[in-house]
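A.B. asks: give me a 3D structure for the following:
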Amino acid sequence: MALPDFTTQQGTEYKTNIDATLASLEPLSGSWTPTILDNSNSPSEGQTYSAGNAGFYQVIGKMVFARGQLAITSLGSLTTTQQAKIGGLPFAAKNSAGSLGVMVVGYARNLALASATSIVTGTVEQGQARIQLEKSGVTSGTGTLPISEISSNGIIRFTLTYELP
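C.D. replies: Next up, the predicted model:
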C-alpha cells in the first residue's frame, strides 16, 4: 500500500487522522494523594500526613501503574481493630472477580507490626479506588493489617498495578 501524497487534501486529512490517533495512544499520567482509612472508608477522621505523602500514576490502555508514599503524622480517630486501607487511588478498579490489583511494598518504616517477620502487601478492592492492606508471615500466612499496626509516624512506599473497567 502506498502512502498518500501529503501535499493533497486527501493526504492532509490522512495525516491529521494519524496524528489524532497517535495522540490518543499517549499514556495518561498524573498525581494522586494516598490516605489511610479504616472500614468506614472515610478520609476525614482527623488523619494527617507529612509533606512527603504523594502518589503518581500512568494509564496505558486499561491498566493503571501507580506508586506512592503514605507518610502519616496522625491516625486521627481511626478504629484500631479495623483493617487498614489506602484510599485516594486516581480511578476505581474493574469490578470483576478475575481482576485483582496488587500492591508491592518496597519500603516501610515506623510501623507497629506484631511480628518482626511480617511483610506488608495489599490488594486493590474490586470496583473501588482503595487498597486493602495485608500482612503475611512465615508461619501465619496472609491476613488483614489492622490500624493498630500502623503508627502515627509510619511510612509505606509502594507500587501497584490494577485494571480499569
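A.B. asks: which residues of the protein fall in helices?
C.D. replies: When secondary structure is read from DSSP state H, the chain shows helices at 9-24.
A.B. asks: could you pull up the mean pLDDT of whichever strand in it runs longest?
C.D. replies: Longest strand in the chain by number of residues (criterion: DSSP state E): strand 63-74. Averaging the model's pLDDT scores along strand 63-74 yields 97.
A.B. asks: how far out from the middle of the chain is it?
C.D. replies: Strand 63-74 has its average C-alpha position 6 Å from the chain's average C-alpha position, going by Cα atoms, centre = their mean, to the nearest Å.
A.B. asks: buried ones in it?
C.D. replies: Neighbour-count burial for strand 63-74, counted by 16 or more other Cβ atoms under 10 Å, picks out 64, 66-72. For glycine as for every other residue, the C-beta is placed from the backbone atoms N, C-alpha and C.
A.B. asks: got the contact list for that strand?
C.D. replies: Contacts to strand 63-74, defined as Cβ atoms under 8 Å, 6 or more residues apart in numbering, come from residues 32, 34-36, 46-59, 86, 89-91, 93, 101, 150-164.
A.B. asks: 7 Å instead?
C.D. replies: Contacting residues not belonging to strand 63-74 are listed as 34, 36, 46-50, 52-58, 86, 89, 91, 150, 152-164 [Cβ atoms under 7 Å, 6 or more residues apart in numbering].
A.B. asks: ok, now stretch 127-145?
C.D. replies: Residues outside stretch 127-145 that contact it (Cβ under 7 Å, 6+ apart): 37, 41, 83-89, 91-93, 95, 103, 113, 115, 117-125, 160.
A.B. asks: low-confidence ranges in the chain?
C.D. replies: Scanning the chain with the threshold set as pLDDT under 70 gives 1-12, 15, 19-25, 138-140.
A.B. asks: would you map the strands across it?
C.D. replies: Secondary structure of the chain (DSSP E): strands at 28-32, 35-37, 48-49, 54-60, 63-74, 85-87, 101-109, 119-124, 130-137, 141-144, 155-163.
A.B. asks: among those strands, which is the most enclosed?
C.D. replies: strand 35-37 (a mean of 25; mean count of other Cβ atoms under 10 Å).
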